[in-house]
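Engineer: fold the following for me, if possible:
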Amino acid sequence: MNSSPEISTGSRGMWRQPCSDRYAWKEGPFDRTKMRELSPGYVSEIDTVDERTWCEILEHFDDANIYQTWSYAAVRGGRQNTSHLLLKENGDIVAVAQARIAKLPFIDVGIAYIRWGPLWRLRNAETKEETFRQAIRALRNEYACRRGLILRLFPILFDDDAPRFLPILKEEGFSRSGKEQRHRTILMDLSRPLEDLREGLSPQKRRELRRAERNGLEIVEGIGDELFEKFIKIYRDMVSRKKFVEFNDINEFRSIQGLLPEKFKMKIMLCGSGDELCAGLVCSAIGKTAIYLFGATSNTGMKSRGSYFLHWKLIEWLKHNRCSVYDLNGINPVTNPGTYTFKNDLAGKNGKEVFFLGRFDSYANVLSYWCVECGDTLRAIYRTLRGLPKTVRGVELRPKAAN
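Structural biologist: Numbering: from 1, shown residues only. Predicted coordinates:
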């Protein structure tokens with residue numbers, strides 16, 4: 001349980017730093033080395049559930065997502081490097097979070113990373129901002145104060161949420177991680193009737209969809225590994241053809257699929273004509289928001305408009321399964337204008353471009369903070385170099401030949 005009053009972190013108190021205004025809260029200077037007591041009625045539990053129980057808990061949250069599944073953490077970081085927190089109010093679970101832990105060997109420093117968490121939007125229940133506040137307070141108490149890690153949150157919050165949630169994050173000792181650009185995406189509203197969603201497409205896209213429907217394309221869908229294998233083949237062909245930089249390892253997601261319980265498995269859809277596949281996609285739909293994870297189109301698919309046809313069939317399936325939002329998962333009009341145009345056209349009048357509020361850090365141990373900062377800098381340099389065209393990388397990284 002984690003309901004203790006403010007307690008000094010003992011030996012880690014040596015890392016106490018002068019308070020900056022970004023860590024000020026309404027009752028006085030924020031001491032990042034101390035825990036804060038949870039409000040009356042709230043308690044937290046750490047690592048008290050097994051995989052089966054965790055999966056059952058996720059079903060009760062509208063904001064549940066693949067990044068908070070046990071299987072995702074097991075593949076990305078290993079089960080031994082995963083931790084789970086439950087927040088209870090008057091004995092009932094009201095928020096949860098799964099953290100992936102990465103520590104440097106031989107020294108007790110590192111990071112606890114929570115992607116798309118905490119989960120605090122219970123199904124068929126009123127969402128309370130106080131639940132979010134108590135959840136991030138409990139997380140800071142455990143991972144930043146007690147364990148001496150830097151705690152990094154990537155919550156499912158957008159710019160529209162800033163007036164309500166930025167003050168809470170600041171008051172609870174969190175500040176924006178400064179080493180990255182904020183993620184941007186398109187959210188497609190699926191709450192409208194299917195006919196209205198189709199009408200929301202541009203006239204040109206409606207014509208292209210009708211043409212695709214007349215092309216006699218066949219769709220195969222499912223959750224099996226054989227479909228994942230077929231999708232990876234056309235995905236690899238597309239990556240090679242377009243010279244895309246892969247920042248997400250699709251083979252990891254194939255491994256995750258093998259571990260996920262059936263009710264959480266990713267949806268795989270392929271379409272083609274005869275024996276030739278022309279398009280495919282992989283989507284996750286656990287909570288109320290579905291996430292477009294991977295897509296691939298062959299040259300044949302470009303001509304037959306197979307990808308639009310496939311996405312429309314997916315939208316019909318999502319509506320049937322009561323998903324209310326389709327997250328098209330990342331856009332960048334500057335660096336990837338083609339993908340941006342496709343997603344923007346797909347969403348049409350039903351879509352809204354949004355920026356995530358960002359990643360937020362809190363720490364009690366300055367050594368952890370500086371180690372993670374150095375790692376962030378090196379990773380940013382690496383990702384930048386990977387994103388450069390191969391010819392540019394060759395010019396900048398290879399020494400000139402001697403005369």
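Engineer: and T82, bridged to which residues?
Structural biologist: Beta-bridge partners recorded for T82 (DSSP bridges): R100.
Engineer: roughly how far apart are it and A102?
Structural biologist: Per CB to CB, to the nearest Å, T82 is found 11 Å from A102. For glycine as for every other residue, the C-beta is placed from the backbone atoms N, C-alpha and C.
Engineer: more neighbours, these two?
Structural biologist: Shown here are T82 and A102; by other CB atoms under 10 Å, T82 has more neighbours (18 against 14).
Engineer: so the more buried one touches R100, yeah?
Structural biologist: Yes - the pair T82 and R100 qualifies as a contact (CB atoms under 8 Å) at a distance of 6.0 Å.
Engineer: shared neighbours, these two?
Structural biologist: A73 (CB atoms under 8 Å, 6 or more residues apart in numbering).
Engineer: confirm L277 sits in a strand?
Structural biologist: Yes - L277 forms part of a strand when assessed by DSSP: H, G, I helix; E, B strand; the rest coil.
Engineer: where in the stretch 51-200 of the chain is pLDDT low?
Structural biologist: Residues of the stretch 51-200 of the chain meeting the criterion pLDDT under 70: 179-180.
Engineer: mind running it again at 90?
Structural biologist: Residue ranges of the stretch 51-200 of the chain with pLDDT under 90: 103-110, 177-182.
Engineer: please enumerate the strands of it.
Structural biologist: Remark: strands assigned in the stretch 51-200 of the chain by DSSP state E, counting those that start in this stretch are 82-89, 92-103, 110-115, 150-154, 175-176, 184-189.
Engineer: list the contacts of Q68.
Structural biologist: Going by CB under 8 Å, 6+ apart, the list of residues near Q68 reads L58, V96, A97, Q98, R115, W116, G117, L119.
Engineer: save the residues you listed as TSV, and put in neighbour count and distance to G351 too.
Structural biologist: Listed next are these as TSV, based on neighbours: other CB atoms under 10 Å; distance: CB to CB, whole Å:
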residue	neighbour count	distance to G351
L58	22	27
V96	25	30
A97	27	29
Q98	23	29
R115	21	23
W116	22	20
G117	26	25
L119	27	24
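Engineer: quick one: which of those residues is nearest to Y292?
Structural biologist: Nearest to Y292 among the contacts of Q68: W116, at 14.4 Å, using CB to CB.
Engineer: so where's the stretch 301-403 of the chain shaky on pLDDT?
Structural biologist: In the stretch 301-403 of the chain (pLDDT under 90), the answer is 301-308, 330-332, 334-336, 338-339, 342, 345, 363-403.
Engineer: check which helix or strand E353 maps to.
Structural biologist: strand 351-355 (DSSP states H and E).
Engineer: angle of that strand against strand 184-189?
Structural biologist: 150 degrees (axes from the mean of the first three to the mean of the last three CA atoms, to 10 degrees).
Engineer: and strand 351-355, what does it pack against?
Structural biologist: strand 184-189, helix 337-347 (3 or more CB pairs under 8 Å, 6 or more residues apart in numbering; DSSP states H and E).
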